[in-house]
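give me a model of this one.
(2 chains)
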Protein chains: 2
Amino acid sequence: MVAGVHFLPDDPPGDIAAKLVRVNLSDLAAKGAVPYGVLLSAAFPRHVSTEWLTAFAAGLGEDLRGFGVALLGGDTVSTPGPLTLSLTALGRVGQGRALLRSGGTVGETVWVSGTIGDGALGLLASTGVLTADPFLVERYRRPRPRTTLGPRLVGLARASMDVSDGLVQDLGHLCRASGVGAEIEAARVPLSAATKVLVAAEPSLLATVLTGGDDYELLFTAPAEAEAALLALSAELGVPLSAIGRLHPGAGVTVRGEDGGVLALGRGGWKHFGGQEP
Amino acid sequence: MVAGVHFLPDDPPGDIAAKLVRVNLSDLAAKGAVPYGVLLSAAFPRHVSTEWLTAFAAGLGEDLRGFGVALLGGDTVSTPGPLTLSLTALGRVGQGRALLRSGGTVGETVWVSGTIGDGALGLLASTGVLTADPFLVERYRRPRPRTTLGPRLVGLARASMDVSDGLVQDLGHLCRASGVGAEIEAARVPLSAATKVLVAAEPSLLATVLTGGDDYELLFTAPAEAEAALLALSAELGVPLSAIGRLHPGAGVTVRGEDGGVLALGRGGWKHFGGQEP
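Numbering: from 1, shown residues only, chains lettered A, B, ... in the order given. Sure, this is the predicted structure:
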């Protein structure tokens, strides 16, 4: 994570530490791994203050303790460039049991955990573009990696990844790795109450929700027979799981709107084919 | 490793990759660990060329293959700052068997592998300050981590680290961690033929040799009864091992010159007490 690229230089240091930890734990969760330790390499500019370092270290320690993960080691160097933080997270998963992007097969259901779009709208809110519920800013600054869910998906899910680039893009990555296509229904993509309010007021934000990234939810596929077990797991863990579509032969990701028309979500916006403009 | 800090921006990309790999494998060797994989996080400036990246990747792959180590994963990001490379090396050592800096005890012999000072003089040669044997520049650019020696020291050595800051400074770190002092004899510190030539021509370079860093040799302590086994190991592996001094009660590192006087090696040079000026 590079200052000015992946976080704002004046973000609270504890939030930066938490994000650094959590985006990496999210990657482990997506593979079905239980985290056990991290290594941190930090390149600090010379002008970094003791106050900043103290707050960062405190936030890092607090977050790692919260997830039961140890700081195993690392390195610190000085840089003439921006503050640059590299965290390597290590986890355990049974040999040959890791959930890969390439494990998907035609006919499987596409599932997603939690709610989608909060991070992207939270980023817009944190930079003042949107006026929104503080919940969304918190979701952007402190993502909640699905560390308890991920390892429990081993044996149930077939392909898995976390949503960091954006739901549609990441499902595209999963499809390419699995050699399949996917169709999802926009109306089945789970939204938080705060995100629903914004999308109702400005329907074009749905494109941001579906493609905006920073969700750190788990996106996975599972055969139909796993549905009952997944819903039971969802209830046990208190983590919402939503079936949003299906894998099909071919390639690419299709998103269907409520009217059955195909939504075309492009760079810098989206277009609506075969139905009404939103 | 940060461009402009830990390497020169116009160093050959393959040399940068090799150094990144080798300084980390040296750390594992110093702990007695057998390397098995690395993760690389790279922050690239936008202007980095495809040619540079191709040469870097080729050099990285070649070096990792040479050491039998796999690239397990990592991350790449864009940075407005200098090229920044963070490599995490993973290795295996028996539980409780890792060689720590803190394992030294009074009376043990201080040993060092290979030759000392080549890296520091190679740096001076690579920047044009010294005219020297290309061997020294190669030693600076492509350190030789003691990956075969390190794991074989488990059970023989008591405290161990690699020499990266400089022999005297690193022995100081080891002494602090072990709660002891050390005395070494400058005449017993092993020098390469190329370094001997330079020190003979300019005796003040001995301070650079003893404090200059970038050696990536192993510095370790062992009880007297391990000497025969260490000399046999040295012969078996073809890695020179030299006994250069001893741990004593107290603190700090004393370096004795050939005349028995104490050499004081300070920042920015050295002074000579109790003997002739060199």
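
which parts of chain A sit against chain B?
Within chain A, the positions adjacent to chain B are A:1-2, A:4-6, A:39, A:41, A:43, A:75, A:77-82, A:84, A:86, A:88, A:90 by Cβ under 8 Å from any Cβ of the partner chain. Quick note: C-beta positions are derived from backbone N, CA and C, even for glycine.

switch to 6 Å and redo it
If contacts are counted using Cβ under 6 Å from any Cβ of the partner chain, the residues of chain A sitting beside chain B are A:2, A:39, A:41, A:43, A:77, A:79, A:81-82, A:84, A:86, A:88.

of the residues you listed, closest to residue A:168?
residue A:2 (25.3 Å; Cβ to Cβ).

mind listing the helices for chain A?
Secondary structure of chain A by DSSP state H: the helices cover A:13-30, A:50-67, A:118-126, A:134-141, A:149-153, A:167-178, A:193-201, A:205-211, A:227-237.

for the ones you listed, which one sits closest to residue B:259?
For these, proximity to residue B:259 was assessed by Cβ to Cβ; helix A:50-67 is nearest, at 45.8 Å.

in the closest one, what counts as buried?
Along helix A:50-67, the positions that meet the burial threshold by neighbour count (16 or more other Cβ atoms under 10 Å in any protein chain shown) are A:52, A:55-56, A:59-60, A:63-64.

in the sheet, who's paired with residue A:161?
residue A:219 (DSSP bridges).

so it makes contact with residue A:101?
Yes. Between residue A:161 and residue A:101 there is a contact at 5.1 Å, judged by Cβ atoms under 6 Å.

which neighbours do those two share?
Shared between the contact lists of residue A:161 and residue A:101 (criterion: Cβ atoms under 6 Å, 6 or more residues apart in numbering or on different chains) are residues residue A:174.

so who does residue A:132 touch?
The neighbourhood of residue A:132, defined by Cβ under 6 Å, 6+ apart, consists of A:121, A:125.

distance-wise, check it relative to residue A:196.
In this structure, residue A:132 lies at 12 Å from residue A:196, with Cβ to Cβ, to the nearest Å as the measure.

same question, residue A:122
Using Cβ to Cβ, which is the criterion applied here, residue A:122 is 14 Å from residue A:196.

between these two, which one's more packed in?
When neighbours are counted by other Cβ atoms under 10 Å in any protein chain shown, residue A:122 and residue A:196 differ, and residue A:122 comes out ahead with 27 against 14.

so what's the more buried one closest to, chain neighbours aside?
Excluding the flanking residues, the one nearest residue A:122 by Cβ to Cβ, 6 or more residues apart in numbering or on different chains is residue A:140, at 3.0 Å.

so the one you found touches residue A:120, yeah?
No. Shown here, residue A:140 and residue A:120 do not form a contact pair, counting by Cβ under 6 Å, at 7.8 Å.

list residues touching both of these two?
A shared contact of residue A:140 and residue A:120, defined by Cβ under 6 Å, 6+ apart, is any residue touching both; here these are residue A:214.

which residue does the stretch 51-200 of chain A have closest to chain B?
Nearest to chain B, among the residues of the stretch 51-200 of chain A, is residue A:81, at 2.0 Å (Cβ to the nearest Cβ).

list the contacts of that residue.
With contacts taken as Cβ under 6 Å, 6+ apart, residue A:81 has the following neighbours: B:81-82.

quick one: it and residue B:8, what's the gap?
When Cβ to Cβ is the yardstick, residue A:81 and residue B:8 sit 16 Å from each other.

next one: residue A:125
Distance, residue A:125 to residue B:8, using Cβ to Cβ: 44 Å.

between the two, who's got more neighbours?
Taking neighbours as other Cβ under 10 Å, residue A:125 and residue B:8 compare with residue A:125 leading, 23 against 14.

grab the nearest non-local neighbour of the more buried one.
Using Cβ to Cβ, 6+ apart and skipping residues adjacent in sequence, the residue nearest residue A:125 is residue A:132, 3.8 Å away.

what does that neighbour show for phi and psi?
According to degrees, to the nearest 10, the main-chain angles of residue A:132 amount to phi -150, psi 170.

about what we covered before: want to throw the helices of chain A into CSV with mean pLDDT?
Below are those laid out as CSV (pLDDT from 0 to 100):
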stretch, mean pLDDT
helix A:13-30, 96
helix A:50-67, 97
helix A:118-126, 92
helix A:134-141, 91
helix A:149-153, 98
helix A:167-178, 97
helix A:193-201, 95
helix A:205-211, 95
helix A:227-237, 98
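
next, format the ones you listed as a markdown table and append distance to residue B:29.
Written out in a markdown table, the entries for the helices of chain A read as follows (distance: least, Cβ to Cβ, whole Å):
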| stretch | distance to residue B:29 |
| --- | --- |
| helix A:13-30 | 27 |
| helix A:50-67 | 28 |
| helix A:118-126 | 42 |
| helix A:134-141 | 41 |
| helix A:149-153 | 33 |
| helix A:167-178 | 36 |
| helix A:193-201 | 52 |
| helix A:205-211 | 47 |
| helix A:227-237 | 43 |
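
right, and the ones you listed - which one's nearest residue B:157?
Nearest to residue B:157, of all the helices of chain A, is helix A:50-67, at 31.8 Å by Cβ to Cβ.

run through who's touching the closest one.
Applying Cβ under 6 Å, 6+ apart, the set of residues contacting helix A:50-67 from outside is A:13-14, A:17-18, A:21, A:71.

export that helix to CSV, keeping only CA atoms.
The C-alpha trace of helix A:50-67 is given here as CSV (Å, rounded to 0.1, in the frame of the first residue of the first chain):
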residue,chain,number,x,y,z
THR,A,50,7.0,9.7,16.1
GLU,A,51,3.3,10.4,16.7
TRP,A,52,2.4,8.9,13.4
LEU,A,53,4.6,5.8,14.0
THR,A,54,3.2,5.3,17.5
ALA,A,55,-0.4,5.5,16.3
PHE,A,56,0.3,3.2,13.4
ALA,A,57,2.0,0.6,15.6
ALA,A,58,-0.8,0.8,18.1
GLY,A,59,-3.4,0.3,15.4
LEU,A,60,-1.5,-2.6,13.9
GLY,A,61,-1.1,-4.3,17.2
GLU,A,62,-4.7,-3.9,18.1
ASP,A,63,-5.9,-5.2,14.8
LEU,A,64,-3.6,-8.2,14.7
ARG,A,65,-4.7,-9.1,18.3
GLY,A,66,-8.3,-8.8,17.3
PHE,A,67,-7.8,-11.4,14.5
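
and the angle for it with helix A:13-30?
30 degrees (axes from the mean of the first three to the mean of the last three Cα atoms, to 10 degrees).

return the distance of helix A:50-67 from the chain's centre.
Taking Cα atoms, centre = their mean, to the nearest Å, the mean C-alpha location of helix A:50-67 is offset from the chain mean by 22 Å.

got it, and stretch A:65-77?
Per Cα atoms, centre = their mean, the centroid offset for stretch A:65-77 relative to its chain is 22 Å.

only C-alpha atoms, please: export the strand of greatest length in chain A in CSV.
Once chain A is assigned using DSSP state E, the strand that runs over the most residues is strand A:34-45. What follows is the C-alpha trace of strand A:34-45 in CSV, where atoms were taken according to Å, rounded to 0.1, in the frame of the first residue of the first chain:
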residue,chain,number,x,y,z
VAL,A,34,-6.7,-19.8,8.6
PRO,A,35,-4.3,-16.9,9.2
TYR,A,36,-1.5,-17.3,11.7
GLY,A,37,1.1,-14.6,11.1
VAL,A,38,2.2,-11.6,9.1
LEU,A,39,5.5,-9.9,8.1
LEU,A,40,5.6,-6.2,7.6
SER,A,41,8.1,-4.3,5.4
ALA,A,42,7.8,-0.6,5.7
ALA,A,43,9.6,2.1,3.7
PHE,A,44,9.2,5.4,5.7
PRO,A,45,9.9,8.9,4.4
